[in-house]
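Visitor: coords please:
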Amino acid sequence: MKKLFFAAAMAACLAAAPADPVAWKLQNPPAAPVKAGARFNVKLLAEVQDGWHLYSLKPMVEGPIPTRIWIAEGQPFSLAGAVQAPDPQVMQDASFGMEVELYEGEAVFTLPVRVASGAAPGAQKLVVSASYQSCNNKLCLPPKTVKVEVPITIGK
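Guide: As a prediction, this is how the structure comes out:
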């Protein structure tokens, strides 16, 4: 009976949870065409609904699932260095029994991007992936991966 009650309570909590309390978008793409081999920065914005948070990029042993950001292969773009993250909040998490790093409200990550040296000129899409887990003070949603894209013009 207790298991049934627990399952029903969890289902009710998940049903009340938003489909995804984190909205992602790419900002500040280069306004002018970029040449093959060039580097530029884009910003990846995570807007987190009130009462929710996502964890920092730092892996924590026996801790929450960290946020991970990457540019998938198969496009004329790649990361040209480490993703720069804002300073996270550090707080004690009773669920994990440890200090964790997290973001509430919004977090803006800066991605240094390199255009492949043999990239063909013309319109392309830069596709950035982010995997993360969002939680509130009662539950964590299953980890999720999203893809966000922005048009980039490669010049001659």
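Visitor: use CA for all of it now, contacts and neighbours both
Guide: Noted.
Visitor: now do the same end-to-end measure for stretch 64-74.
Guide: 30 Å (CA to CA, to the nearest Å).
Visitor: residue ranges for the strands of this structure, please.
Guide: Here the chain has its strands, by DSSP state E, at 22-27, 34-35, 39-48, 53-55, 68-71, 77-79, 89-93, 98-103, 106-115, 122-132, 134-135, 144-155.
Visitor: So which of those has the densest surroundings on average?
Guide: strand 53-55 (a mean of 25; mean count of other CA atoms under 10 Å).
Visitor: Show residues contacting that strand.
Guide: 48, 64-67, 100-105, 132-136 (CA atoms under 8 Å, 6 or more residues apart in numbering).
Visitor: Let me have the strands of the chain in a markdown table, extended by mean pLDDT.
Guide: A markdown table is the format used below for the strands of the chain (pLDDT from 0 to 100):
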| stretch | mean pLDDT |
| --- | --- |
| strand 22-27 | 97 |
| strand 34-35 | 96 |
| strand 39-48 | 98 |
| strand 53-55 | 95 |
| strand 68-71 | 98 |
| strand 77-79 | 98 |
| strand 89-93 | 91 |
| strand 98-103 | 94 |
| strand 106-115 | 98 |
| strand 122-132 | 97 |
| strand 134-135 | 93 |
| strand 144-155 | 97 |
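Visitor: Surely P21 is in contact with Y132?
Guide: No - using CA atoms under 8 Å, P21 makes no contact with Y132, being 11.3 Å away.
Visitor: L44 and D20, how far apart?
Guide: On the measure of CA to CA, L44 and D20 end up 17 Å apart.
Visitor: Quick one: neighbours of G81, just the number.
Guide: 10 (other CA atoms under 10 Å).
Visitor: How about the one residue sitting closest to the centre of the chain: what's its closest non-neighbour residue?
Guide: Geometric centre of the chain, nearest residue: A130, 3.8 Å, by CA atoms, centre = their mean. Spatial nearest neighbour of A130, excluding adjacent residues (CA to CA, 6 or more residues apart in numbering): I69 at 4.4 Å.
Visitor: what's the answer for G51, then?
Guide: N136 (5.8 Å).
Visitor: Might one say that the one you found is in contact with D50?
Guide: No - if you go by CA under 8 Å, N136 and D50 don't touch, sitting 9.1 Å apart.
Visitor: More neighbours: the two, which one.
Guide: More crowded of N136 and D50, by other CA under 10 Å: N136, with 16 against 12.
Visitor: Perfect, that will be all.
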